[in-house]
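Student: predicted model and sequence follow; I will ask about them next.
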Amino acid sequence: MVFRTIAELVERCVAENKKISEVMIETEIYQSGRNREEVWKLMDDNLTIMEQAVKRGIVEEERSRSGLTGGDAVLLQRYLKEKEPLSGRILLDAVSKSVATNEVNAKMGTICATPTAGSAGIVPGTLFAVAPKLQATREQMIRYLFTSGAIGLVIANNAFISGAAGGCQAEVGSATAMAAASMVEMAGGSPQQSAEALSIAMKNLLGLVCDPVAGLVEAPCVKRNAMGAALAMTAADMALAGIKSIIPADEVIETMYQIGCSMPSSLRETALGGLAATPTGKEHERRIFGSLKD
Amino acid sequence: MKYRSVFDIIGPIMIGPSSSHTAGAARIGLMSRNVFGRQPKKAEITFLGSFAQTYKGHGTDIAIIGGILGLNTYDERMVEAHQLAKELGVEIKMSVSDDEPNHPNTAIITLSDEQGETTVEGISIGGGKIVITSINGFTSRISGEVPTILVKHQDRSGVVASITEVFAERDLNIAYLELARKSKGGQALMIIETDYPMDKALCKQIESLPFIEKVVRLETI
């Protein structure tokens, strides 16, 4: 009943002629003992929280307690109003909404972890940018989250989803793969195309280290959520165009796991290496903890 | 499988910025309150490992205090936890320890009032999930996600049988049972997890058995 790999998940979708979201809903009902209405309501509540965080983040310029982040989503929204962006409007809207969510997270606002708090921007950011374009219903938006959850469950059980465990490839990488696969389903792509989008997205974040400045979930986290959203959209479009990943999804996930296991601990959320160890990173650490500890 | 529910991935709803350093911390605080069983007068919190390094910046202190005061991971009053503790007359003491913990995100919390004192050690294992690894020196592995009761009793023969008999009578299946004791014939702590919630009557019935000192029913988080 429970799918362990992406191949099993896709196989089940094909055999039963169901979407990934539907297989996830049925699995959750079976596993939790909750009925469909209860499961649906819980996800609906999660969606509401995501919507509130996006709405707050795109208008609020207040910075976080550390002063490291805040206000960038507003800059992007302003830019979208005043200029014609070089990339695409929907892509930049997704980026701004991912940044918005992650900025709200950094200032101790209310968010829904997807799969973690540090990577909470990508799934809702892409969702609230793409849903209007696809004229998605509330039901389709809730299904987006179930599809994301299905992909995340496989990744979490076969690799990891936290930066401390496997680097940022595990955290932002998982969220990006989840969003890419969900976008494909929402746009009418097949479960196999969702798997291709997942693979393409995750492959391009392999090796990404977790090196937060001063150990805080802010820099480079907020901007990595931005890029995760952009990358997820590109991967979804590539899969919808019919492009396949040369390496299958489960092998990409296994690769992410192997890379994470061989990553030194200085690059796994300890703030001992990477950007955290730069002169400027250290300076921020002294400034923040010097003042906060008083 | 480590993760079973879609809501382990999409969720929890929480106050940022870190599922392990904030949501997990809040849950450790909340579980320590549940074990204590009431609002404490005093809370002493010791941070170890990564918690000790970054607790101020992440708001881990705020989250743990919020949890101790009974706030859940998504409660917006969390941000004002220090103030709230003052208003409620709960004295908070915080310290960091250089001791090398078994897990990087470890907190030790002692809650007390005139009637007693409870010390709980908790670890935050990622994505907001936690494990209570010790209660008053007894080793445990409580997640707080399933119905759980704690039975404090004397280490005597027949105690386990008398308790499991109560469960059998009521046709309640025990999912997990753990017994820790400090010395032969001394004090012991039994941890029982079930698939479905246990009611107050069941706890009272167990409490009335010989050699049982106290039964605490933990709210799930």
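Tutor: All right, it came through fine. Residues are numbered from 1 along each chain as shown, chains lettered A, B, ... in the order given.
Student: who's in contact with residue 218?
Tutor: Unless you meant another one, I'm taking chain A. A:E218 sits next to A:S64, A:S66, A:L68, A:T69, A:A106, A:P212, B:P17 when contact means CB atoms under 8 Å, 6 or more residues apart in numbering or on different chains. Quick note: C-beta positions are derived from backbone N, CA and C, even for glycine.
Student: actually, chain B is the one I wanted.
Tutor: Counting by CB under 8 Å, 6+ apart, B:L218 makes contact with B:M31, B:N34, B:V35, B:I142, B:G144, B:P147, B:T148, B:I149, B:L150.
Student: what about 7 Å?
Tutor: Each residue near B:L218 by CB atoms under 7 Å, 6 or more residues apart in numbering or on different chains is listed here: B:N34, B:V35, B:G144, B:T148, B:I149, B:L150.
Student: before we move on, the earlier item: so for the contacts of A:E218, which is the shakiest by pLDDT?
Tutor: Least confident entry in these, by pLDDT: A:S66, with 90.
Student: quick check, that residue in a strand?
Tutor: No: A:S66: not assigned to a strand; according to DSSP: H, G, I helix; E, B strand; the rest coil it is coil.
Student: next, count neighbours for it.
Tutor: A:S66 has 25 neighbours, counted by other CB atoms under 10 Å in any protein chain shown.
Student: which ones are touching it?
Tutor: Contact partners of A:S66, counting by CB under 7 Å, 6+ apart, are A:A214, A:L216, A:E218, A:I288, B:G57.
Student: how does it look with 10 Å?
Tutor: Residues near A:S66 by CB atoms under 10 Å, 6 or more residues apart in numbering or on different chains: A:106-107, A:213-214, A:216, A:218-219, A:284-285, A:287-289, A:291-292, B:17, B:56-58.
Student: A:L92 now?
Tutor: A:L92 touches A:L76, A:Q77, A:Y79, A:L80, A:K83, A:P85, A:L86, A:A129, A:A226, A:A229, A:A230, counting by CB under 10 Å, 6+ apart.
Student: A:A150 too?
Tutor: Contacts of A:A150 by CB under 10 Å, 6+ apart are A:3, A:6, A:9, A:13, A:19-25, A:27-28, A:178, A:181-182, A:185, A:191, A:194, B:6, B:9-10.
Student: how about B:F167?
Tutor: So B:F167 contacts B:N173, B:I174, B:L177, B:I192, B:T194, B:M198, B:L202, B:I206 (CB under 10 Å, 6+ apart).
Student: circling back: any chance of the contacts of B:L218 in JSON lines, plus secondary structure, distance to B:K182 and neighbour count?
Tutor: Shown next, in JSON lines, are the contacts of B:L218 (DSSP: H, G, I helix; E, B strand; the rest coil; distance: CB to CB, whole Å; neighbours: other CB atoms under 10 Å in any protein chain shown):
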{"residue": "B:N34", "secondary structure": "helix", "distance to B:K182": "22", "neighbour count": "23"}
{"residue": "B:V35", "secondary structure": "helix", "distance to B:K182": "17", "neighbour count": "23"}
{"residue": "B:G144", "secondary structure": "coil", "distance to B:K182": "23", "neighbour count": "20"}
{"residue": "B:T148", "secondary structure": "strand", "distance to B:K182": "20", "neighbour count": "26"}
{"residue": "B:I149", "secondary structure": "strand", "distance to B:K182": "20", "neighbour count": "18"}
{"residue": "B:L150", "secondary structure": "strand", "distance to B:K182": "15", "neighbour count": "23"}
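Student: in stretch B:213-221, what's buried?
Tutor: If you call a residue buried by 16 or more other CB atoms under 10 Å in any protein chain shown, then stretch B:213-221 has these buried ones: B:V215, B:V216, B:R217, B:L218, B:I221.
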